[in-house]
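*Asks:* model the structure of this input:
(one chain, ligands or ions: 3)
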Amino acid sequence: MINKTDNLNNNNNQNVPNHIAIIMDGNGRWANQRNIPRSLGHRAGVEALKNIVKKSADIGIKYLTLFAFSTENWNRPEKEVSALMKLLKEFLKKESIRLHKNGVKITVIGDITLFSDELINQITKVEEMTKMNKKLTLSIALNYGGRNEITRAVKKIIENNYKVEDIDEHIINQNLDTKGIPDPDLLIRTSGEYRLSNFLLWQCAYTEFWFTDILWPDFTPMDLENAIKGYQNRERRFGSVK
Ligand code: IPE
Ligand code: IPE
Ligand code: MG
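*Replies:* Ligands and ions are numbered 1, 2, ... in the order given. This is a model prediction of the structure:
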């Protein structure tokens, strides 16, 4: 039987994006449509996420960055924020071993200092356990905002007493949370919203964008394939001429 992923595989040099970033949006509307609590929409979103991580590893994507909680998401009702934190803990507890076995390196971007000690410990342990894995780097954006990240990078640069003449784009890159991670080739946003909502502002300078009306819990591996096929039809010029 022909493996369905055969025609979309990095190893076959098929121009599969090296780094995909996803704004997983629409969990709340998905739940509203079903007259169920928003927290159940987020739970369904985690199931979609698991399938997408697996598919990404299967087709040879090397970096996957997922927007899970923004610096602005603290403005949601306390009940929703705590449901999201609970889901996050559950995900790290239940999924990290399996991901580790499958060669996934898990990293977190964003300012996690605001989280509970318990959650910070959990994140640190998972990052430490998976740090040597090479198959796929899964970055989870938690309390992440692009402006917050750039602000923290500026602070780090000043604290480290860099000389003004030494500051260049490389130094700024090195002080961002995404240090060591290449810029996204493709950014996907679900749920029919056409905005960045403060995600990867610096890193998306030349990223290709793919928007879809599908709500995140309904986003399947086949939809990921479609987005990649769309990406493969783009001509990236990086300001040059072809
Ligand atoms: C995205 O879904 C998940 C998070 C922001 C945590 P939303 O919760 O934003 O869903 P909508 O946009 O209200 O439908
Ligand atoms: C962006 O979605 C954040 C995440 C997906 C985690 P939001 O739903 O928070 O963004 P806005 O408020 O619609 O811009
Ligand atoms: Mg939303």
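*Asks:* give me every residue in this structure lying close to ligand 2.
*Replies:* By the rule Cβ under 6 Å from any ligand atom, the part of the chain lying against ligand 2 is 23-25, 67-70, 73, 193, 195, 197. The way it works is simple: take the backbone N, C-alpha and C, and place the C-beta from them, glycine included.
*Asks:* mind redoing it with 5 Å?
*Replies:* Applying Cβ under 5 Å from any ligand atom, one finds that the chain approaches ligand 2 through 23, 25, 67, 70, 197.
*Asks:* for residue 218, state which of those residues is nearest.
*Replies:* residue 25 (11.8 Å; Cβ to Cβ).
*Asks:* ok so that closest one is a strand residue?
*Replies:* No. Residue 25 sits outside any strand when classified using DSSP: H, G, I helix; E, B strand; the rest coil, being coil.
*Asks:* point out where this structure drops to low pLDDT.
*Replies:* Applying pLDDT under 70 to the chain flags the ranges 1-7, 9-13.
*Asks:* near ligand 1, which residues of this structure show up?
*Replies:* 25-29.
*Asks:* state the number of residues packed around the closest residue to ligand 2 within the chain.
*Replies:* Residue nearest to ligand 2 within the chain: residue 197 (3.6 Å; Cβ to the nearest ligand atom). A total of 14 residues lie near residue 197 under the criterion other Cβ atoms under 10 Å.
*Asks:* and residue 211, its phi and psi?
*Replies:* Per-residue torsions, residue 211: phi -110, psi 140 (degrees, to the nearest 10).
*Asks:* just to check, it is in contact with residue 194?
*Replies:* Yes. At 5.6 Å, residue 211 counts as touching residue 194 under the criterion of Cβ atoms under 8 Å.
*Asks:* quick one, which of the two is more surrounded?
*Replies:* The neighbour count for residue 211 versus residue 194, taken as other Cβ under 10 Å, is higher for residue 211 (16 against 7).
*Asks:* mind listing what that one touches?
*Replies:* 188-189, 192-194 (Cβ atoms under 8 Å, 6 or more residues apart in numbering).
*Asks:* try it again with 10 Å
*Replies:* Counting by Cβ atoms under 10 Å, 6 or more residues apart in numbering, residue 211 touches 23, 187-195, 227.
*Asks:* can you name the residues bridging to it?
*Replies:* On the basis of DSSP bridges, residue 211 is bridged to residue 189.
*Asks:* okay, buried residues for the biggest helix by length in the chain please.
*Replies:* Looking across the chain with DSSP state H, the single longest helix is helix 78-101. Buried residues in helix 78-101, counting neighbours by 16 or more other Cβ atoms under 10 Å, are found at 80, 83-85, 87-89, 91-92, 95-96, 99-100.
*Asks:* just how off-centre is it within its chain?
*Replies:* 15 Å (Cα atoms, centre = their mean, to the nearest Å).
*Asks:* the very next helix or strand once past it: partners in the sheet, and parallel or antiparallel?
*Replies:* Using DSSP states H and E, the helix or strand that follows helix 78-101 in sequence is strand 104-109. Take DSSP bridges as the rule and strand 104-109 pairs in its sheet with strand 136-141 (parallel).
*Asks:* continuing past the strand it pairs with, what's the next helix or strand?
*Replies:* helix 146-159.
*Asks:* the contacts of residue 211: which two are farthest apart?
*Replies:* Most distant of these, by Cβ to Cβ, are 195 and 227, 17.4 Å apart.
*Asks:* the two: which is more packed in?
*Replies:* residue 227 (22 against 10).
*Asks:* which residues are in contact with the more buried one?
*Replies:* 17, 20, 22, 186-188, 190, 208, 210-212, 219.
*Asks:* mind putting the residues you listed in a markdown table, distance to residue 40 included?
*Replies:* Formatted as a markdown table, the contacts of residue 227 follow (distance: Cβ to Cβ, whole Å):
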| residue | distance to residue 40 |
| --- | --- |
| 17 | 31 |
| 20 | 26 |
| 22 | 21 |
| 186 | 29 |
| 187 | 27 |
| 188 | 23 |
| 190 | 17 |
| 208 | 33 |
| 210 | 27 |
| 211 | 25 |
| 212 | 22 |
| 219 | 16 |
